[in-house]
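Enquirer: dropping the sequence and predicted coords here.
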Amino acid sequence: MKNNISLLVLLFICLSLNAQSYKFETVIDLETTDVISQGNTGTCWSFSTSSFLESEIIRITGKKIDLSEMYTVRNTYPKKAWNYIMRQGKTQFSDGGLAHDVLNSVKDHGLVPAFAFTGLEENATRHNHSEMLTVLRGLLNTYTKDVKKPLSPKWKQVTESVLDIYLGKNVETFNYEGVQYTPQSFLEFTKINPDDYVSLTSFSHQPFYTSFILNIPDNFSNGSFYNIPIEEMIKVANNALKKGYTIALDCDVSESTFTANPGMAIIPEDGNVDLKDLTEIVAEKEITQAYRQQEFENFNTTDDHLMHITGLVKDQNGNIYYKVKNSWGKNSERVANNGFIYMSEAYFKLKMISITLNKNVLDKKYHKILN
């Protein structure tokens with residue numbers, strides 16, 4: 001009996017030693033601004049890409065500037081409204097968008113620091129666009145409900161008035177560090193060139209090494225994406241990070257194995273894994289191009305959320321994860337890792353919709369495609 005007990009104790013110790021919970025070590029940690037919350041809005045596209053541009057400004061100039069996400073949102077809504085009106089209401093009108101919408105706004109309207117345009121109503125400390133979106137949608141539907149009648153020329157003016165009420169009037173000049181700027185002159189000050197950035201994707205329903213318009217609901221502006229195989233996408237992303245360039249990321253976060261607490265995103269072989277109960281490192285699925293395509297076409301992978309990749313970490317077994325900056329805040333019981341997510345390569349390969357990065361970091365073999 002004593003021998004049996006001793007064997008059981010030894011077995012328990014061995015199992016306990018092998019069942020190690022995840023422990024992460026930094027591999028690459030690129031500089032970025034603080035994690036903030038997008039509040040009750042669907043404007044992750046602006047928060048993530050603004051954060052991406054903030055890191056680009058740090059890389060290029062060494063200056064840490066908190067950009068206004070809402071200035072971009074304010075200048076993108078009229079474009080969304082135009083698209084909805086011209087399609088006679090036969091398309092989506094929402095607060096969603098993509099990284100290229102930020103770059104389009106930057107090119108057309110410049111940049112401003114956060115303090116110059118907060119987008120917050122008086123005394124508010126948190127963004128909440130639910131009422132504004134309802135009002136805008138109802139307004140635009142009023143203009144599109146009877147397409148047999150001539151469209152009122154006042155629709156643009158009325159739309160702008162609603163945006164002025166909820167987000168504020170567009171800023172024309174402001175002072176930054178004792179100097180007066182316009183949004184365009186401030187863009188010049190940041191050294192950001194919107195034409196330096198490219199969006200990449202990886203889907204086999206279109207030829208690789210060509211560009212195409214990705215048919216997802218939030219692509220209201222019909223942005224084009226350069227298509228490369230998923231294994232090359234991993235190499236592109238890793239190479240960019242190693243060279244000191246961060247990445248804007250569009251991906252699906254609807255999986256139960258993506259969670260802000262404990263701040264991880266993985267694709268376990270065992271589909272019943274609960275991240276909150278993990279006591280050991282689990283094996284992950286092998287992700288192929290065909291499986292990725294299948295999950296996209298059956299809507300298991302959808303365009304949910306945009307974030308910002310700022311580095312790499314590894315677990316104690318040497319497995320690599322992307323350090324992903326989220327926009328759900330960091331001072332909450334529901335958020336771990338100070339607002340960052342550690343995303344495995346398997347999750348990235350399966351659930352990434354697209355990435356946006358500085359095209360100058362790409363290998364020369366892609367330059368002909370981009371031109």
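Expert: Structure's in. What do you need? Numbering: from 1, shown residues only.
Enquirer: tell me the centre residue of this structure?
Expert: For the chain, residue 306 is the residue whose C-alpha lies nearest the centre (C-alpha atoms, centre = their mean; 1.8 Å).
Enquirer: got phi/psi on it?
Expert: Residue 306 adopts backbone torsions of phi -110, psi 140, taken as degrees, to the nearest 10.
Enquirer: so it touches residue 102, yeah?
Expert: No - between residue 306 and residue 102 there is no contact under C-beta atoms under 8 Å: 9.4 Å. Every C-beta, even on glycine, is put in place using the N, C-alpha and C of the backbone.
Enquirer: now for those two: what residues contact both?
Expert: 45, 49 (C-beta atoms under 8 Å, 6 or more residues apart in numbering).
Enquirer: list the residues that contact residue 357.
Expert: Each residue near residue 357 by C-beta under 8 Å, 6+ apart is listed here: 197-198, 200, 236-237, 240, 245-248.
Enquirer: let's see which of those end up in helices.
Expert: Within the contacts of residue 357, membership in helices is found for 236-237, 240, as judged by DSSP state H.
Enquirer: make a markdown table from those and add distance to residue 272 and pLDDT to it.
Expert: Converted to a markdown table, these look like this (distance: C-beta to C-beta, whole Å; pLDDT from 0 to 100):
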| residue | distance to residue 272 | pLDDT |
| --- | --- | --- |
| 236 | 33 | 98 |
| 237 | 29 | 98 |
| 240 | 35 | 98 |
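Enquirer: just the CA trace of the helix or strand where residue 59 lies, in CSV.
Expert: Element membership of residue 59, judged by DSSP states H and E, is helix 44-61. Coordinates of each C-alpha in helix 44-61 appear next as CSV, following Å, rounded to 0.1, in the frame of the first residue of the first chain:
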residue,chain,number,x,y,z
CYS,A,44,-11.7,50.3,-33.4
TRP,A,45,-10.5,50.9,-37.0
SER,A,46,-9.6,54.5,-36.0
PHE,A,47,-8.1,53.7,-32.6
SER,A,48,-5.9,50.9,-33.9
THR,A,49,-4.7,52.7,-37.0
SER,A,50,-4.1,55.9,-35.1
SER,A,51,-2.1,53.9,-32.6
PHE,A,52,-0.2,52.4,-35.5
LEU,A,53,0.6,55.9,-36.9
GLU,A,54,1.6,57.1,-33.4
SER,A,55,4.2,54.3,-33.4
GLU,A,56,5.3,55.3,-36.9
ILE,A,57,5.8,58.9,-35.7
ILE,A,58,7.9,57.6,-32.8
ARG,A,59,10.0,55.5,-35.2
ILE,A,60,10.4,58.4,-37.7
THR,A,61,10.8,61.4,-35.5
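Enquirer: tell me the mean pLDDT over it?
Expert: For helix 44-61, the mean per-residue pLDDT is 98.
Enquirer: that one packs against which elements?
Expert: Counting contacts by 3 or more C-beta pairs under 8 Å, 6 or more residues apart in numbering; DSSP states H and E, helix 44-61 packs against helix 69-86, helix 99-109, helix 183-190, strand 247-251, strand 305-314, strand 352-358.
Enquirer: and stretch 253-269, what's buried?
Expert: The neighbour-count check on stretch 253-269 (16 or more other C-beta atoms under 10 Å) flags 253, 255, 257-260, 263-268 as buried.
Enquirer: now, the residues you listed that are in helices?
Expert: Short answer: the buried residues of stretch 253-269 have none in helices (DSSP H).
Enquirer: would a markdown table of these with distance to residue 65 and pLDDT be doable?
Expert: Shown next, in a markdown table, are the buried residues of stretch 253-269 (distance: C-beta to C-beta, whole Å; pLDDT from 0 to 100):
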| residue | distance to residue 65 | pLDDT |
| --- | --- | --- |
| 253 | 27 | 96 |
| 255 | 34 | 91 |
| 257 | 35 | 92 |
| 258 | 30 | 94 |
| 259 | 31 | 91 |
| 260 | 26 | 90 |
| 263 | 26 | 93 |
| 264 | 30 | 94 |
| 265 | 29 | 96 |
| 266 | 34 | 96 |
| 267 | 36 | 96 |
| 268 | 40 | 95 |
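Enquirer: having no further points to raise, I will conclude here.
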